[in-house]
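Asks: need a structure here:
(2 chains)
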Amino acid sequence: DGGITQSPKYLFRKEGQNVTLSCEQNLNHDAMYWYRQDPGQGLRLIYYSQIVNDFQKGDIAEGYSVSREKKESFPLTVTSAQKNPTAFYLCASTPRTGPGDYGYTFGPGTRVTVV
Amino acid sequence: AQSVAQPEDQVNVAEGNPLTVKCTYSVSGNPYLFWYVQYPNRGLQFLLKYITGDNLVKGSYGFEAEFNKSQTSFHLKKPSALVSDSALYFCAVRALNSGNTPLVFGKGTRLSVIA
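Replies: Below you'll find the predicted structure:
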């Protein structure tokens, strides 16, 4: 079955540590997105990528970095500069961007906790 | 700029009663509108979408939504609520002619259906 996988499901980060969240899709989707979910704040966009080797900052990119070397993969690194990384992180993809009726397919999420 | 408002953080309804989860939006031009549902510690699942055509859109699990252009609203409805409908619901929007801008999500409404 096609879909999006995210790993790990739970991640514990020590202060000052960089950690990387994996997002892989086998849907042949062009665009991929990372959202952060905090209670009462909904989903906030961190980064997105519409094609390989290109990505754009979202509303809360500070303290995060991404890469898009392959169409199927869009890993997110939470750097030591992100002072409050405790949240639920969601990856999503869509067939293509631009005018059209394409909603997003979401992965199951990764919960990051600072220890 | 695009924005979505979900004015109610929490909606409580008795099982068997009709339910409504409210959403209003702001975009330049015509909107694409979506509803997603999230169960605890899971990713978001697509419920329904409005692109063009009939103002009443039918989706998964018996849900429907009514697009009202004059009131810029897209309320989610179900004639008879089930306990299993209890979840977090998100409304999302993007403008028809917004190029490649990502979906903007509301803050979510928690629906609690009481037996």
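Asks: give me the low-pLDDT residue ranges for the chain?
Replies: With no chain named, the answer covers chain A. Regions of chain A meeting the criterion pLDDT under 70 cover residues A:1, A:97-102.
Asks: you looked at the wrong chain, it should be chain B
Replies: Judged against pLDDT under 70, the low-scoring parts of chain B cover residues B:98-100.
Asks: so which bits of it are right by chain A?
Replies: Of all the residues in chain B, those in contact range of chain A (C-beta under 8 Å from any C-beta of the partner chain) are B:9, B:32, B:34, B:36, B:41-46, B:49, B:51, B:90, B:92, B:96-97, B:99-100, B:102-103, B:105-108. No exception for glycine: its C-beta is placed from N, CA and C like everyone else's.
Asks: residues in contact with residue 112?
Replies: By default, I'm working from chain A. Taking C-beta atoms under 8 Å, 6 or more residues apart in numbering or on different chains as the definition of contact, the neighbours of A:V112 are A:L11, A:F12, A:R13, A:V19, A:L21, A:V78, A:P85, A:T86, A:A87, A:F88, A:Y89.
Asks: wait, chain B was what I had in mind.
Replies: With contacts taken as C-beta under 8 Å, 6+ apart, B:S112 has the following neighbours: B:Q10, B:V11, B:N12, B:V13, B:S86.
Asks: so which of those sit within strands?
Replies: Within the contacts of B:S112, residues falling in strands by DSSP state E are B:Q10, B:V11, B:N12, B:V13.
Asks: got CSV for those residues, with neighbour count too?
Replies: As requested, these are exported to CSV (neighbours: other C-beta atoms under 10 Å in any protein chain shown):
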residue, neighbour count
B:Q10, 8
B:V11, 18
B:N12, 12
B:V13, 19
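Asks: and of those, the nearest to B:S73?
Replies: B:V11 (15.3 Å; C-beta to C-beta).
Asks: what's the separation between that closest one and B:G29?
Replies: When distance is defined by C-beta to C-beta, to the nearest Å, B:V11 is 30 Å away from B:G29.
Asks: got the contact list for stretch B:79-91?
Replies: By C-beta under 8 Å, 6+ apart, the list of residues contacting stretch B:79-91 from outside reads A:42-43, B:4, B:6, B:13-19, B:21, B:23, B:25, B:33-39, B:44, B:47, B:61-62, B:74, B:76, B:78, B:105-106, B:108-115.
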